[in-house]
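In: need a structure here:
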Amino acid sequence: PPPLLEPLFPPQPGASPGFAERVRQHKRRVRREWVRAEPAVLRGAVRVLNLAYEKAVSVRYTLNRWASCAEVPAAYQPAGPADGLTDRFAFLLPLGAAAAEATLEFAVRYRVAGAEYWDNNEGATYRLRGRQ
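Out: Predicted coordinates for the structure are as follows:
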């Protein structure tokens, strides 16, 4: 079956040249690398600046324009980039059949060394439209 959701943003910025350098220079220290809508899930990866050994990355999302939301942890990917400056984390958002009739919005949270950084599409949140 086709994916339930269609991204309303470029889904693969990590494939562009200089992506790791943009993560290093980005004031939020976290950037979405890619997302892929599948029939029952949304998969994706983010890169974070390696500021400390202990870090937590999660994705907060909603299907009802933030009337309620859920948050899932992203998992560290040890086979990630070998640039020494960034770490890759992968996430999986479970989607029910209702996603086909909704707009999924999400933002990425990175917590490290007592600080918190967000990648929220420059304040617009990342949005994916249901294909209905």
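In: show me where the protein has its helices.
Out: Using DSSP state H, the helices found in the chain span residues 19-25.
In: so which helix or strand of it has the lowest pLDDT on average?
Out: helix 19-25 (a mean of 68; mean pLDDT, DSSP states H and E).
In: could I get the full set of strands for the protein?
Out: 5-7, 30-37, 41-49, 55-62, 70-73, 75-76, 86-94, 103-112, 115-119, 126-130 (DSSP state E).
In: residue 13 is nearest to which of the ones you listed?
Out: When the strands of the chain are compared by CB to CB, strand 30-37 sits nearest residue 13, at 6.6 Å. All C-beta spots, glycine's among them, are computed from the backbone N, C-alpha and C.
In: other residues contacting that closest one?
Out: Strand 30-37 has contacts (CB atoms under 8 Å, 6 or more residues apart in numbering) with 3-7, 11-15, 19, 22-23, 42-49, 57, 88, 108-110, 117-119, 121, 126, 128.
In: using ChimeraX, define a selection of the buried residues within those residues.
Out: To isolate the buried members of these in ChimeraX, using 16 or more other CB atoms under 10 Å:
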select :3,4,5,7,11,14,19,23,42,44,45,46,47,48,49,57,88,108,109,110,117,119,121,126,128
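In: now do the contacts for residue 90.
Out: Counted by CB under 8 Å, 6+ apart, residue 90 has contacts 43, 44, 45, 74, 75, 77.
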